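Visitor: Here is a sequence with its predicted model. Questions after.
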Amino acid sequence: MSKIETLFSGDHEEVVFFNDPGIGLKCIIAIHNTQLGPALGGVRMWNYENADLALEDALRLSRGMTYKAAVAGLNLGGGKAVIIADPKAEKSEALFRCFGTFIESLNGRYITAEDVGTDVNDMEYIFMETSNVVGVAETHGGSGDPSPWTAKGVLEGLRACIERKLGRDDLRGLGVAVQGAGHVGAHLVHLFSRHGMRVYVCDIDRARCDSLTDLENVTVVNTDDIYETDADIFCPSALGAVLNEKTIPRLKCKIVAGSANNQLANPEAGDELFRRKILYAPDYAINAGGLMNVSIEFEGYDELRANRMIRNIYYVMKTILQDSAKENLPEYRCADRVAERRIAGISRLRGRYMGHTKPTFPGRVVRR
Ligand code: NAD
């Protein structure tokens, strides 16, 4: 099947690409579903081997955003952008402003934010060209970097997992293995250490772990050893598809709960974790803290409200885990069901989000 036929047989509403050879911008935006509202999802900048892999990533990540917003109770749809470039070498003001003009052309159907390879400074350039960006700096009335909020949300969800699986409500003394010491991973290491946990951490860019070794009970391990530590919890916080047929048999933990998007390589990986009695916190349910935080930016940012929303991740997770235990169903399937039921219910009230309403040809008078 050709790529375009694959897209037509899938469930994405819209997939667009943008190319500016002069500036060096090659990007794809995938809008998965806007039944609940405009599609919101970060922009990932990554040196993809080829454009097909970038497209695949945009499609998978945007679907995840639909489910994340739905489970989080937000009136947002799911979308994602990928820029095919090396974030360490190819960032420029022109590139992000050019990307901003492209987003503006989508008329509000897609709202961007930061993701792997992009940060709050990049959002500032995008903001110069479009207001359809969140996670902009506080000085511009934004909510800033969402990563600390994502980390907070992971901690809330983890509490529910620990209660369900280990029958306790304190974290002290538990071991946790954090894969990736980037924006979210580093915050998680700080939080876990502060809560008296034994923390293992790794990163392909080892320098990112340097500042963490001064914290209490933090040990840096090799990237390949992270799956086999004696930690109670494995916390994927780097890239996706890390739970697969090669890694799952190596896990010694009782719980998998982390911030990374698309942790399961495929649905079978979720089934296999369940079969092995390893509790899996569905990624899009536990990592919604950052999305919750940025989602209130348009209404006037309020930190108290953000905290209240993020606290809710504990209850969402608790419900998913209860359903999973009661019905003997893998956790990821229970989470999907929560999302799909909400989308189905709300879509009866309204259609998909078609962008801001403004006259297409201002000034043109229709005479009858
Ligand atoms: P980041 O780019 O700041 O950090 C990712 C880190 O992972 C980098 O330091 C990178 O070197 C490291 N890494 C990559 N592959 C690795 C591997 N195989 N082993 C060990 N380390 C590896 O990204 P981030 O913003 O911290 O996001 C981390 C994950 O959480 C991503 O999957 C992202 O989609 C997801 N997420 C982030 C947010 C947010 O608020 N930033 C919100 C929801 C989900």
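Guide: Great, that's in hand. Numbers count the residues shown, from 1 in each chain.
Visitor: and the residue lying closest to residue 164 once chain neighbours are set aside, helix, strand or coil?
Guide: Nearest non-adjacent residue to residue 164, counting by Cβ to Cβ, 6 or more residues apart in numbering: residue 321, 4.5 Å away. To be clear about C-beta, it is placed using only N, CA and C from the backbone, and glycine gets the same treatment. The three-state assignment at residue 321 reads helix, by DSSP: H, G, I helix; E, B strand; the rest coil.
Visitor: Please work out how many residues are found near residue 321.
Guide: Residue 321: 24 surrounding residues under other Cβ atoms under 10 Å.
Visitor: List the contacts of it.
Guide: 160-161, 164, 279, 331, 334 (Cβ atoms under 8 Å, 6 or more residues apart in numbering).
Visitor: Name the nearest residue to the closest residue to the ligand within the chain, ignoring sequence neighbours.
Guide: Nearest residue of the chain to the ligand, counting by Cβ to the nearest ligand atom: residue 182, 1.7 Å away. Nearest residue to residue 182, sequence neighbours excluded (Cβ to Cβ, 6+ apart): residue 208, at 6.5 Å.
Visitor: if we can go back for a sec, measure the residue of the chain closest to the ligand to residue 211 for me?
Guide: 12 Å (Cβ to Cβ, to the nearest Å).
Visitor: the more surrounded of the two?
Guide: Just comparing residue 182 and residue 211: by other Cβ under 10 Å the higher neighbour count belongs to residue 182, 18 against 12.
Visitor: Which stretches in the stretch 1-150 of the chain count as helices?
Guide: All helices of the stretch 1-150 of the chain, identified by DSSP state H, counting those that start in this stretch, fall at 3-9, 51-71, 93-105, 120-127, 147-166.
Visitor: Give me every residue in the stretch 251-368 of the chain lying close to the ligand.
Guide: Within the stretch 251-368 of the chain, the residues that sit near the ligand (Cβ under 6 Å from any ligand atom) are 259-261, 287, 290.
Visitor: Turn these into JSON lines, columns for pLDDT and neighbour count.
Guide: Shown next, in JSON lines, are those (pLDDT from 0 to 100; neighbours: other Cβ atoms under 10 Å):
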{"residue": "259", "pLDDT": "97", "neighbour count": "29"}
{"residue": "260", "pLDDT": "95", "neighbour count": "22"}
{"residue": "261", "pLDDT": "90", "neighbour count": "24"}
{"residue": "287", "pLDDT": "97", "neighbour count": "28"}
{"residue": "290", "pLDDT": "95", "neighbour count": "31"}
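Visitor: Which two among these are spaced furthest apart?
Guide: Taking Cβ to Cβ as the measure, these span a maximum distance of 12.4 Å, between 260 and 290.
Visitor: Number of residues surrounding residue 27?
Guide: For residue 27, the number of neighbouring residues by other Cβ under 10 Å comes to 24.
Visitor: wait, residue 319
Guide: Neighbour tally, residue 319, other Cβ under 10 Å: 16.
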